[in-house]
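Enquirer: Need coordinates for the below:
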Amino acid sequence: MEQIKLNKENPEVEFKLNSKDSFLLIHSVFVTSQKNFENEWTNFISKVKLTAELRYVVFADPEGRFIDDRKKQFPIHFISDLYQVQPVFHLKTLIKNETFNVGINPERKYYRTLKLELQNVENLDEDYTLEFNIEKFNIDP
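Expert: Take a look at the predicted model:
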């Protein structure tokens, strides 16, 4: 198992997917802070949004700008229990790579990158960090 951290200064992480069988499993997420935030973490969770994006670049121009790509984005939800007192979310969220066709070419392609991004819905207090316990298969950092 591996850990990654996302916060205001480091809001995203990108992984390279090495095969159509690549996957990322998010076991759990723990909310931490530099200050004493005993019950404030629930407010923090309501002010942020976590998204995952699978991406495949079909064509990039010689200067390296993306011209044509395929993307699939989806949210990852933090659902707290009414009686939850600890800032831990046991997500067990599996993000699997997928195959698709580009145009009429019969050869199946697979997404090459996976990005997790923490986005502000409201002003985010910079003291908070999300610590992810993840498991990777056929993925490079």
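Enquirer: What is the burial count for L94?
Expert: Neighbours of L94 under the rule other CB atoms under 10 Å: 10. All C-beta spots, glycine's among them, are computed from the backbone N, C-alpha and C.
Enquirer: who's in contact with it?
Expert: Neighbour list for L94: F23, L24, L25, I26 [criterion: CB atoms under 8 Å, 6 or more residues apart in numbering].
Enquirer: what about the strands in the protein?
Expert: All strands of the chain, identified by DSSP state E, fall at 2-7, 12-17, 23-33, 48-60, 66-76, 88-89, 93-96, 99-100, 109-110, 113-120, 128-137, 139-140.
Enquirer: what's the longest one in contact with?
Expert: Contacts made with strand 48-60 from outside it, assessed by CB under 8 Å, 6+ apart, are listed as 6, 17, 66-76, 78, 95, 97-98, 100, 102, 109-121, 124, 130.
Enquirer: partners of that strand in the sheet?
Expert: Partners of strand 48-60 in the sheet, by DSSP bridges, are strand 66-76 (antiparallel), strand 113-120 (antiparallel).
Enquirer: highest average neighbour count across those?
Expert: Burial of the strands paired with strand 48-60 is given as mean neighbour count (mean count of other CB atoms under 10 Å); strand 113-120 ranks first at a mean of 17.
Enquirer: got a list of contacts for that strand?
Expert: Residues contacting strand 113-120 (CB under 8 Å, 6+ apart): 4, 6-8, 11-17, 22, 24, 47-56, 76, 95, 97, 130, 132, 139.
Enquirer: now it, how far from the centre of its chain.
Expert: 4 Å (CA atoms, centre = their mean, to the nearest Å).
Enquirer: what angle do it and strand 23-33 make?
Expert: 30 degrees (axes from the mean of the first three to the mean of the last three CA atoms, to 10 degrees).
Enquirer: tell me the angle of strand 113-120 relative to strand 2-7?
Expert: Using the same axes, to 10 degrees: strand 113-120 against strand 2-7 is 40 degrees.
Enquirer: related to what we said a few turns ago, quick one: which of the strands of the chain is nearest T42?
Expert: strand 23-33 (9.1 Å; CB to CB).
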